[in-house]
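# Quick check, what structure comes out for this input:
(one chain, ligands or ions: 2)
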Amino acid sequence: MSLIVQKFGGTSVADPEKIRAAARRAIRAQNQGHRVVMVVSAMGKQTDELLRLATAVSEKPPAREMDMLLSTGEQTSVALVAMAIDDLGAKAVSLTGGQFGMKTDNSYSKARIRSIDTSRIESLLDEGNIVVAAGFQGIDDDLNITTLGRGGSDTTAVALAAVLGADACEIHTDVDGVYTTDPRLLPEARRVDVISYDEMLELASLGAGVMHSRSIEFAKKFRVPIHVRSSFSDREGTMIVSPAESESSPVSGAALTKDEARITVLGVPDVPGMSQAIFSAIAAQKVAVDMVVQNVGAQGKADVSFTVPRQELQVTLDAIEAIMETIGASGVTHDAEVAKVSVVGLAMARQKSVAARMFRALADAGVNIHMITTSEIKISALVPRDHAADALRAVHESFQLDQRPADAKTWAEIQAGSSPHADMDDVVTRLQNDALEALTLTDIAILEGQARVTLDGVPDRVGVAAEIFDEIGRAGIFVDLIVQGYDGQDGSTSVSFTIGQSDLEPAMKVAQSICQTHAMRDVRGADGITKLSVSGIGLRSHTQVGTVLFEQLASAKINVEMIATSELQVNVVIDSARGDDAKNCLRAAFADALS
Ligand SMILES: Nc1ncnc2c1ncn2[C@@H]1O[C@H](COP(=O)(O)OP(=O)(O)O)[C@@H](O)[C@H]1O
Ligand SMILES: N[C@@H](CC(=O)OP(=O)(O)O)C(=O)O
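Ligands and ions are numbered 1, 2, ... in the order given. The predicted model follows:
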């Protein structure tokens, strides 16, 4: 008998009528012959309401009590769903996370799953029940209630589907699938039939709230296909699986993170250990740093720019203020009125001029780009917040995301062309042995033979990035990493990009001519550089990867020239002479996490 996990988000159980509709859906699946496990979130905006209550009674609610409180939202909804099922004539038992054996670590409000004991759920299913499991919560070794972080019920659902060996994991929500961007922001967004884990992981962490990014991390690790569909219609939704919908289109989705703030630490001594000092001070405040750009130092000084969520600006500024003297930086600037627009696509890694196309679209829409970071499958640009909607629309249109790519495949077509996984046994063994959400790295590698070009004093105005990368593209040069950040001297920015060593000469020619046209301060080129990449799953949410990497490189006295991070890779550019040392010390430091 097949087993199906159906997750209902808060919007799908927001009132009694919706609760009864969700109950009917589960009963229908049971009547069709499936064993059914429901995972349910708190009703509507209940979690926000509980958070509001907590801050009304305490300025700094203790983390343990906060999780105790927030978990009650799901405890209410599972009981109501089970009652509705009973009233409709079927059998149901509701269970809290602790009751169904969801064991987590003890990091309140962002606990990670360690193990799930399925025996209770299985015996209840054997007795003919629909099991209604509370999403978003678990218990630690001391039986304290923990929560998995906002949006965490998706992760509960995918984890349960994995350990129960479910035939399907359905995410029932208020949209009928995953769209090329949030359809509430852009009505012309297109629903996709299929999206790859990697693309969804990036999109989710870049602001696509339809899925919790950690649920995708889990699904990829344990190969759980996810079906995102509407709780209000029977239409097929979107499958999140390994392959992408199209092999040719460079971009498959766009996302907006509206409330960002940019901070630049100026005049940081360009010696090993400085990035580590800055980011560990911020990490100690539990602030997740996002776009990180360290300009290639000149005169022994570098400027380090990064973004944080806007509500964390003040605590981050305080953390930096406290270490300014120790690190010898000369100043700090910030901008709280910025938003981040990003595009994601598996195929962009194989195509030229994808970034140039994005920058051109933004320039033509009159949107200035303050900062840029790229990785193998995403490009992010920091833009003024009041231009955020225009920016999203411009890139969506430029990559024709409203149109189905000619080579797009449906899930049925993809399935027909693939063979079943031969190594499923291996997945099952890992499920039993792993700490389920433990960090998994797939590789630590170096790419030698790279070169870098840096333009200093790049005016911070519309169209400059587009012009640089249009020209580079016209010269037929493939660009790998691009970073743009503030260079501090006069409010201008600095743009660095990496290319293959043999392209250094033509790239320098193009850069020198642009430098002259715009009266930029300087162009610098360097060969003999190496890209060091740490690859894995969910690397940004496992914040210790960045911390350990910086610590290791600092203690080996290896200077970091450029940094580019994504959910799938953390890349740093270093001097070639130290490439092997860097690889070896990181392999040793991460030995436990390397699969
Ligand atoms: N790329 C996207 N595709 C679909 N929906 C998206 C996307 N990005 C953001 N969203 C938003 O996610 C919402 C669904 O997530 P959420 O409100 O958390 O639902 P639930 O309550 O079911 O968990 C949609 O209403 C939509 O506005
Ligand atoms: N109720 C929790 C967990 C959750 O996943 O909710 P939803 O499925 O409505 O996003 C939250 O609001 O964060």
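
# Please count neighbours and contacts with C-alpha atoms only from this point.
Fine.

# what's the burial count for the spatially closest residue to Ala277 that is not a sequence neighbour?
Leaving aside its sequence neighbours, Ala277 sits nearest to Ile327 (CA to CA, 6 or more residues apart in numbering; 7.4 Å). Using other CA atoms under 10 Å, the number of residues around Ile327 comes to 17.

# Likewise for Ala391?
Residues lying near Ala391 (other CA under 10 Å) number 32.

# likewise the one 4 residues further on?
Here the neighbour count serves as a burial measure; for Val395 (other CA under 10 Å) it reads 25.

# Ok, Pro16 next?
There are 14 residues near Pro16, going by other CA under 10 Å.

# shouldn't the residue nearest to Ala277 be in contact with Ser275?
No. The pair Ile327 / Ser275 is not scored as a contact, 9.8 Å apart, by CA atoms under 8 Å.

# Tell me the residues of the stretch 151-300 of the chain that contact ligand 1?
Contact residues, the stretch 151-300 of the chain versus ligand 1 (CA under 6 Å from any ligand atom): 173-175, 177-184, 208-210.

# could you redo the last one with a cut-off of 8 Å?
Counting by CA under 8 Å from any ligand atom, the residues of the stretch 151-300 of the chain close to ligand 1 are 151, 153-154, 171-185, 191, 203-204, 207-211, 253-255.

# Any figure for the gap between the residue nearest to Ala277 and Arg474?
42 Å (CA to CA, to the nearest Å).

# go on, Ala582?
35 Å.

# Neighbour count: those two, which is higher?
Ala582 (23 against 11).

# Mind checking what secondary structure the more buried one has?
Using DSSP: H, G, I helix; E, B strand; the rest coil, the structure places Ala582 in helix.

# That one - nearest residue in space that isn't next to it in sequence?
Leu553 (6.6 Å).

# burial count for the one you found?
22.

# How about Thr47?
20.

# can you pull the contacts of it?
Taking CA atoms under 8 Å, 6 or more residues apart in numbering, we find Thr47 in contact with 70, 73.

# name the element it belongs to?
Element membership for Thr47, per DSSP states H and E: helix 46-57.

# follow-up on the earlier one: mind checking which of the residues of the stretch 151-300 of the chain next to ligand 1 land in strands?
171-173, 253-255 (DSSP state E).

# Just flag the most distant two among these.
Greatest spacing in those, by CA to CA: His172 and Ala254 (22.0 Å).

# so what's Gly473 closest to, chain neighbours aside?
Nearest to Gly473 is Ser353, by CA to CA, 6+ apart, at 5.4 Å.

# tell me the contacts of the one you found?
So Ser353 contacts 469-470, 473, 478-479 (CA under 8 Å, 6+ apart).

# How about Thr257?
By CA under 8 Å, 6+ apart, the residues touching Thr257 are 206-207, 339-341.

# Over to Ala134?
Counting by CA under 8 Å, 6+ apart, the residues that Ala134 touches are 39-41, 74-75, 77-78, 94-97, 153.

# Any idea what it is bridged to?
Using DSSP bridges, the bridge partners assigned to Ala134 are Val40.

# Quick one: residues contacting the closest residue to ligand 2 within the stretch 451-595 of the chain.
Nearest residue of the stretch 451-595 of the chain to ligand 2 (CA to the nearest ligand atom) works out as Ser541 at 16.2 Å. Residues in contact with Ser541 (CA under 8 Å, 6+ apart) are 214, 567.

# Just give the nearest non-adjacent residue to the closest residue to ligand 2 within the stretch 151-300 of the chain, would you?
Proximity of the stretch 151-300 of the chain to ligand 2 (CA to the nearest ligand atom) peaks at Gly151, 3.2 Å away. Excluding its sequence neighbours, the residue lying closest to Gly151 (CA to CA, 6+ apart) is His212, at 5.4 Å.

# Look up phi and psi at that neighbour.
When read as degrees, to the nearest 10, the backbone of His212 gives phi -80, psi 130.

# Where do the domain boundaries of this structure fall?
Using automatic domain parsing, the domains assigned to the chain come out as 3-174, 254-402+441-589.

# Comparing the ones you listed, which yields the minimum mean pLDDT?
When these are ranked by mean pLDDT, domain 254-402+441-589 comes last with a mean of 90.

# Now the terminal residues of that domain, how far apart.
For domain 254-402+441-589, the separation between the terminal residues is 35 Å (CA to CA).

# if we can go back for a sec, count of neighbours near the residue nearest to Gly151?
By other CA under 10 Å, neighbour count at His212 equals 21.

# One more: the one 5 residues further on?
Other residues within reach of Glu217 by the criterion other CA under 10 Å amount to 28.

# Looks to me like it is in a helix.
Yes. When the secondary structure is assigned by three-state DSSP, Glu217 falls within a helix.

# Relative to ligand 1, how far out is Ile514?
37 Å (CA to the nearest ligand atom, to the nearest Å).

# quick one, what contacts that residue?
Residues in contact with Ile514 (CA under 8 Å, 6+ apart) are Ile468.

# before we move on, back to that, counting neighbours, which bits of the helix holding Thr47 end up buried?
Across helix 46-57, burial judged by 16 or more other CA atoms under 10 Å covers 46-47, 50, 54.

# what does the stretch 51-200 of the chain put close to ligand 2?
Contact residues, the stretch 51-200 of the chain versus ligand 2 (CA under 8 Å from any ligand atom): 70, 73-74, 135-136, 149-155, 173.

# one more time with 5 Å
Taking CA under 5 Å from any ligand atom as the contact definition, the stretch 51-200 of the chain meets ligand 2 at 150-153.

# Most neighbours of all these, which one?
Ser153 leads these on contacts (other CA under 10 Å) with 30 neighbours.

# for the stretch 201-350 of the chain, what spans make up the strands?
In the stretch 201-350 of the chain, the strands defined using DSSP state E, counting those that start in this stretch lie at 226-230, 238-241, 253-269, 292-294, 301-309, 331-344.

# Quick one: the ones you listed as a markdown table, columns for distance to ligand 2 too.
Listed next are the strands of the stretch 201-350 of the chain as a markdown table, based on distance: least, CA to the nearest ligand atom, whole Å:
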| stretch | distance to ligand 2 |
| --- | --- |
| strand 226-230 | 12 |
| strand 238-241 | 17 |
| strand 253-269 | 17 |
| strand 292-294 | 27 |
| strand 301-309 | 17 |
| strand 331-344 | 22 |
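
# thinking again about what came up before, let's have the domains of the chain in a markdown table, adding distance to Phe222.
Converted to a markdown table, the domains of the chain look like this (distance: least, CA to CA, whole Å):
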| stretch | distance to Phe222 |
| --- | --- |
| domain 3-174 | 6 |
| domain 254-402+441-589 | 11 |
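
# Quick check on the residue of the stretch 451-595 of the chain closest to ligand 2: phi, psi?
Dihedral angles of Ser541 (phi, psi; degrees, to the nearest 10) stand at phi -80, psi -30.

# Could you measure from it over to Gln32?
Distance, Ser541 to Gln32, by CA to CA: 38 Å.

# Likewise for Gly98?
Applying CA to CA to Gly98 and Gln32 gives a distance of 30 Å.

# can you count the residues close to the residue of the stretch 451-595 of the chain found nearest ligand 1?
Ranked by CA to the nearest ligand atom, the top residue of the stretch 451-595 of the chain for proximity to ligand 1 is Glu567, at 16.8 Å. Neighbour count of Glu567, defined by other CA under 10 Å: 26.

# Over to Glu325?
A count of neighbours around Glu325, defined by other CA under 10 Å, yields 11.

# Equivalent analysis for Phe232, please.
Around Phe232 there are 16 other residues, counting by other CA under 10 Å.

# Give me the spatial nearest neighbour of it, chain neighbours excluded.
Asp174 (7.3 Å).

# What number of residues are in the vicinity of the one you found?
Residues lying near Asp174 (other CA under 10 Å) number 18.

# now stretch 90-98, how far from the centre of its chain.
Stretch 90-98 sits 31 Å away from the centroid of its parent chain (CA atoms, centre = their mean, to the nearest Å).

# again with stretch 218-225
Counting by CA atoms, centre = their mean, stretch 218-225 is centred 15 Å from the centre of its parent chain.

# taking the mean pLDDT, what do you get for it?
91.
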